[in-house]
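Participant: Let me see the structure of the following:
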Amino acid sequence: MTDTRNTALVVGASRTLGLGLVAEYLRRGWDVIGTVRGSRRTGLHDLADASEGRLTIESLEMTDPEQISALRDRLAQRTLDLLFVNAAITRGDLPVGEVPTDMFTEVMTTNALSPMRVVESLRPLVAPTGTIGVMSSSQGSIALNTRGGQDLYRASKSALNQLMRSYAARYAEDPRTLLLVDPGWVRTELGGPGAELSVAESVPGVAETIERHRGRTGLHFVDHEGQVVPW
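Facilitator: Residues are numbered from 1 along each chain as shown. The predicted model follows:
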């Protein structure tokens, strides 16, 4: 009997939104591959123990191009229905003029350059009918930035959006669905304790938005409720 379960790769799955997304796809009956940094045990390992083999864990430091290539080689025989990259850091709310150069480089590399390296490298593993998604943010929207603040984080997400747009233009004939997803304002280390949504409230909407856009070619910037986010 042929195994027809869908397979998702969630990059950055050790905690909060990434971990929640893995749990949601397991609940939906998918096979899931989740990545963690290093060898420390995380909540993802607990999920794997209870998954009856449907969740496998891979180690990946996303900012290391050699590790991205090694992951691609290890997964060369797998076909992915969904590649979803979830990774971002913030280093405080500083006006851009006060941001040290090394901090600027670190945030931009982690939030914009590294996710796109993953997308570019692992693209061949995604089925022609599959989806490539990246966790973005409404803070990456230039149109919605009417209050300022979080200069570096906003800029990194805007850069991610622009790089994804360039990727979509370069592969304009590619039938895969491309998504930039805003999960909403979520209570994570990034969102803070005063955020509107819990991970459990955000993640089902993220997964449902991904599912509703399945088969729609081109790039879509949408939120966890499926609404279009202005650029």
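Participant: for the protein, longest helix please?
Facilitator: Longest helix of the chain, by residue count under DSSP state H: helix 151-170.
Participant: Any buried residues in that one, and which?
Facilitator: For helix 151-170, the neighbour count (16 or more other C-beta atoms under 10 Å) marks 151-161, 163-164, 167-168 as buried. Any C-beta I mention is one placed from the backbone N, CA and C, and that applies to glycine too.
Participant: likewise stretch 92-100?
Facilitator: 94, 99.
Participant: Convert the strand ranked longest in the chain to PDB, retaining C-alpha atoms only.
Facilitator: Identified as the longest strand of the chain according to DSSP state E is strand 126-135. C-alpha atoms of strand 126-135 as PDB (Å, rounded to 0.1, in the frame of the first residue of the first chain):
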ATOM      1  CA  VAL A 126       9.500  20.500  -2.600                       C
ATOM      2  CA  ALA A 127       6.900  18.800  -4.900                       C
ATOM      3  CA  PRO A 128       5.800  20.900  -7.900                       C
ATOM      4  CA  THR A 129       2.400  21.100  -6.300                       C
ATOM      5  CA  GLY A 130       3.900  21.900  -2.900                       C
ATOM      6  CA  THR A 131       4.200  25.100  -0.800                       C
ATOM      7  CA  ILE A 132       7.200  27.100   0.400                       C
ATOM      8  CA  GLY A 133       6.400  29.300   3.300                       C
ATOM      9  CA  VAL A 134       8.300  31.700   5.500                       C
ATOM     10  CA  MET A 135       7.200  33.300   8.800                       C
END
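Participant: Can you name the residues bridging to residue 182?
Facilitator: Legend: beta-bridge partners of residue 182 under DSSP bridges are residue 223.
Participant: show me what contacts it?
Facilitator: The neighbours of residue 182, taking C-beta atoms under 8 Å, 6 or more residues apart in numbering as the test, are 136-138, 140, 221-224, 229.
Participant: could I get these as a markdown table with neighbour count and pLDDT?
Facilitator: Converted to a markdown table, the contacts of residue 182 look like this (neighbours: other C-beta atoms under 10 Å; pLDDT from 0 to 100):
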| residue | neighbour count | pLDDT |
| --- | --- | --- |
| 136 | 25 | 97 |
| 137 | 28 | 95 |
| 138 | 18 | 95 |
| 140 | 26 | 95 |
| 221 | 20 | 98 |
| 222 | 20 | 98 |
| 223 | 20 | 97 |
| 224 | 22 | 96 |
| 229 | 19 | 98 |
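Participant: okay, those in a markdown table with distance to residue 107 next?
Facilitator: Converted to a markdown table, these look like this (distance: C-beta to C-beta, whole Å):
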| residue | distance to residue 107 |
| --- | --- |
| 136 | 15 |
| 137 | 13 |
| 138 | 18 |
| 140 | 13 |
| 221 | 20 |
| 222 | 24 |
| 223 | 22 |
| 224 | 23 |
| 229 | 21 |
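Participant: of all these, which comes closest to residue 88?
Facilitator: residue 137 (7.6 Å; C-beta to C-beta).
Participant: can you pull out the helices in the chain?
Facilitator: Listed in chain order, the helices found in the chain under DSSP H are 16-27, 43-49, 65-74, 101-108, 114-122, 151-170, 199-212.
Participant: And those helices: which comes nearest residue 132?
Facilitator: Proximity of the helices of the chain to residue 132 was assessed by C-beta to C-beta; the nearest stretch is helix 114-122, lying at 5.8 Å.
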